[in-house]
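K.L.:
Here is the input, now give the coordinates:
(one chain, ligands or ions: 1)
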Amino acid sequence: MSSLKISVVITFLSLGLISCAQSGHSNSNISQDINDSTWSLKSDSFWKANLSPEQYEILRLKGTESPFSGKWLMHKDSGFYTCAACGNLLFRSDRKFDSECGWPSFDEEIEGNKIKTQIDNSHGMTRLEIMCARCGGHLGHLFDDGPTSTGKRYCVNSLSLNFLPADIHPKSPLYDTLTVGGGCFWCIEAVFEQVNGVVSVQSGYSGGNVPFPSYKDVCTGETKHAEVVQIVYEPSKISLDELFKIFFTVHDPTTPNRQGADEGTQYRSVIFYRDSVQLNTAKSIITDLTVSKVFEDNIVTEVVPFTVFYPADLTHQDYYDNNTNAPYCRMVIRPKLEKLEAVFKNRLKK
Ligand SMILES: [Zn+2]
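P.N.:
The predicted structure is shown next:
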């Protein structure tokens, strides 16, 4: 335990007092990315610069792609379809059906008023247009001729959609998945992205009672969700034990519902175990840390069964890489990465 003790001790040097949620609402650069209302204010030149010409034609000029041409038409993977313009979660893959109309079709949208509608009288028809409620991007049309119990058919352009896989690599002898929360997910994601043997890290929410919450919902603390990361890793390259050691090194497991200036139940320290191996390994590490008195205060990390993971919008994925110079990244995340490098240098990707 001595190397872990050293690593943990040197980690809790000052990490700054800027908070994650605070920075999201007070810093203009970040708030443009995560505050829903600013998406509707984006300029035409922003969209021209950030969408492909084909996507711009559909999403901003309300075009329609040729039938049977879109990349998601026959797509069957399990996961979530998001707005290609702003990352808003729109549809679950299990609500997709083959309508034979030539465009991806869904019989239900994700809860939370993420789609808005308006009457469209173009082309000599009266139809109900569907748009992303956040950025206003044109998606397609909604019809009342669906074959399932909802009676709905959301007919959507593939070019208006992106896809977030539910579990990039389901549990197999080659891969395993771990879901943990240690405060702001921007931080924990940035840390585990560096670790050799980690295949993917996705930011999202677990442990609450609201399906498909938005970032804003979770920031209220009322959803009971924790900000978490879902880590897919190769056990042949990095052990569960080592992943937990990194986890306990880069966050403070002794502060209830708080990490530094980030305060609220969404920032609680938590391990969502998927099986008895994860449960027993987590308990064993917590016992070791307690017996060896690595921390002055009691460890408050919750160890609870995993139920469901809701991915956060694309704006929260790879947050550090995409916002390296934002104040929160410079003052809070970078010091954690520097300490990770100092302690676990031989475990990091080259
Ligand atoms: Zn959108």
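K.L.:
Hmm, residue 223 and residue 112 touching each other?
P.N.:
No - with contact defined as CB atoms under 8 Å, residue 112 does not reach residue 223; the gap is 11.1 Å. Yep, even glycine has a C-beta here, placed from its N, CA and C like the rest.
K.L.:
list residues touching both of those two?
P.N.:
Shared contacts of residue 112 and residue 223 (CB atoms under 8 Å, 6 or more residues apart in numbering): 213, 217.
K.L.:
more neighbours, those two?
P.N.:
Set side by side, residue 112 and residue 223 show more neighbours around residue 223, with 20 against 15, by other CB atoms under 10 Å.
K.L.:
tell me which parts of this protein are close to the ion?
P.N.:
Residues of the chain lying near the ion by CB under 5 Å from the ion: 83, 85, 86, 88, 132, 134, 135, 137.
K.L.:
The fifth one: how many residues sit nearby?
P.N.:
Residues lying near residue 132 (other CB under 10 Å) number 24.
K.L.:
ok, back up a step: could you flag which of the residues of the chain next to the ion are buried?
P.N.:
Among those, the ones that count as buried by 16 or more other CB atoms under 10 Å are 83, 85, 86, 88, 132, 134, 135, 137.
K.L.:
Name the residues of stretch 273-293 that are buried.
P.N.:
Of the residues in stretch 273-293, 273, 278, 281, 282, 285, 286, 289 count as buried by neighbour count, 16+ other CB under 10 Å.
K.L.:
Check the spacing between the fifth one and the ion real quick.
P.N.:
Right, residue 285. According to CB to the ion, to the nearest Å, residue 285 stands 41 Å off from the ion.
K.L.:
if we can go back for a sec, out of the residues of the chain next to the ion, which one has the weakest pLDDT?
P.N.:
In this model, the minimum pLDDT among the residues of the chain next to the ion belongs to residue 88 (84).
K.L.:
Please tell me I have it right and it contacts residue 139.
P.N.:
No - counting by CB under 8 Å, residue 139 is not a contact partner of residue 88; they are 10.1 Å apart.
K.L.:
count of neighbours near the residue nearest to residue 102 when sequence neighbours are not counted?
P.N.:
Setting aside the residues directly before and after it, residue 102 is nearest to residue 67 in space (CB to CB, 6 or more residues apart in numbering), at 2.7 Å. By other CB under 10 Å, 12 other residues sit near residue 67.
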